[in-house]
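Peer 1: quick one, fold the following:
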Amino acid sequence: MFPQVEHLAIEESSALPSVFSRYGIHSFPSILLVNQTSMVRYHGPKNLSSLAQFYQKTTGLEPVQYFDGDHTVSLNIREKSIIQSMSDMSLREISRREPFLAFATLFLCLRVLLYIFPKVLTRLQAFWVLYVPHFNLGIFGETSQIMGRILHMVDVRRIWTKLRLCKTRNFHKGAKNARVWASSLTSVSLGKSSSARSSTN
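Peer 2: Numbering: from 1, shown residues only. Next up is the predicted model:
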């Protein structure tokens with residue numbers, strides 16, 4: 001629409017970050033008009049009519065191609081269809097297609113959590129100090145008596161000694177098996193070495 005103005009498209013991955021910071025570009029897509037004396041950055045909505053108004057106001061040039069209101073309506077319909085397609089997708093698909101959006105949302109949620117968490121923590125501490133010492137602890141006394149009776153009926157010491165006895169029996173069986181293995185291996189190795197000596201003589 002403005003052929004008199006030279007346009008240069010730069011991808012984010014093809015330029016150094018210092019170039020973007022020199023011109024104050026912090027997000028993409030970004031439109032920047034630069035000449036030898038001044039620099040103007042576009043901050044408005046990303047539709048065709050507002051871009052044309054920005055170019056007209058900044059450069060003083062008229063657009064070569066004429067566009068009417070129907071064209072802007074079709075652009076608005078296209079923008080609405082993109083938003084609707086984003087709303088139809090699942091969260092997993094949105095995070096796969098737009099990872100920066102997912103990270104930004106996660107960052108905002110964590111910031112809100114960090115803002116709220118200290119307040120909730122102080123309220124819980126105040127609740128603990130005010131109300132917990134005044135609870136009826138007789139309930140806990142009754143449950144401890146019940147647990148004591150259960151432990152008395154089960155006789156934990158007897159179970160523990162039986163368990164220890166079983167472990168030592170298994171250990172002694174394993175030691176006997178290891179001795180048998182060791183004696184059989186030494187006899188086999190001695191037999192092989194004596195047969196090797198007799199064949200060399």
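
Peer 1: residue ranges of each domain in this structure, please.
Peer 2: 12-65, 100-133 (automatic domain parsing).

Peer 1: please enumerate the helices of this protein.
Peer 2: For the chain, applying DSSP state H gives helices covering 17-22, 48-59, 69-88, 91-97, 99-131, 138-154, 156-200.

Peer 1: turn the domains of the chain into JSON lines, including mean neighbour count.
Peer 2: Any C-beta I mention is one placed from the backbone N, CA and C, and that applies to glycine too. Listed next are those as JSON lines, based on neighbours: other Cβ atoms under 10 Å:
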{"stretch": "domain 12-65", "mean neighbour count": "12"}
{"stretch": "domain 100-133", "mean neighbour count": "10"}
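
Peer 1: could these go into a markdown table alongside distance to C166 and mean pLDDT?
Peer 2: Formatted as a markdown table, the domains of the chain follow (distance: least, Cβ to Cβ, whole Å; pLDDT from 0 to 100):
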| stretch | distance to C166 | mean pLDDT |
| --- | --- | --- |
| domain 12-65 | 67 | 73 |
| domain 100-133 | 44 | 87 |
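
Peer 1: mind putting those in CSV, distance to K173 included?
Peer 2: As requested, the domains of the chain are arranged in CSV below (distance: least, Cβ to Cβ, whole Å):
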stretch, distance to K173
domain 12-65, 68
domain 100-133, 54
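
Peer 1: OK, contacts around E12?
Peer 2: By Cβ atoms under 8 Å, 6 or more residues apart in numbering, the contact list for E12 reads 20, 28.

Peer 1: try it again with 6 Å
Peer 2: If a contact means Cβ atoms under 6 Å, 6 or more residues apart in numbering, then E12 has F28 as its contacts.

Peer 1: and L91, by the same measure?
Peer 2: The neighbourhood of L91, defined by Cβ under 6 Å, 6+ apart, contains no residues.

Peer 1: now do it against E98, distance only.
Peer 2: Counting by Cβ to Cβ, to the nearest Å, the gap between L91 and E98 amounts to 11 Å.

Peer 1: go on, T168?
Peer 2: Using Cβ to Cβ, which is the criterion applied here, T168 is 64 Å from E98.

Peer 1: more neighbours: which of those two?
Peer 2: Neighbour tally, T168 and E98, criterion other Cβ atoms under 10 Å: the higher count belongs to E98, 14 against 9.

Peer 1: state the pLDDT value of R169.
Peer 2: At R169, the pLDDT value in this model is 75.

Peer 1: what about it, how many residues nearby?
Peer 2: Per other Cβ under 10 Å, the neighbour tally for R169 reads 10.

Peer 1: return the residues in contact with it.
Peer 2: Contacts of R169 were listed using Cβ under 6 Å, 6+ apart, and none were found.

Peer 1: gap between it and A178?
Peer 2: Applying Cβ to Cβ, one obtains 15 Å for the distance of R169 from A178.

Peer 1: what do you get for R157?
Peer 2: In this structure, R157 and A178 are separated by 32 Å, where distance is defined by Cβ to Cβ.

Peer 1: one more: S14?
Peer 2: Using Cβ to Cβ, we find S14 at a distance of 69 Å from A178.
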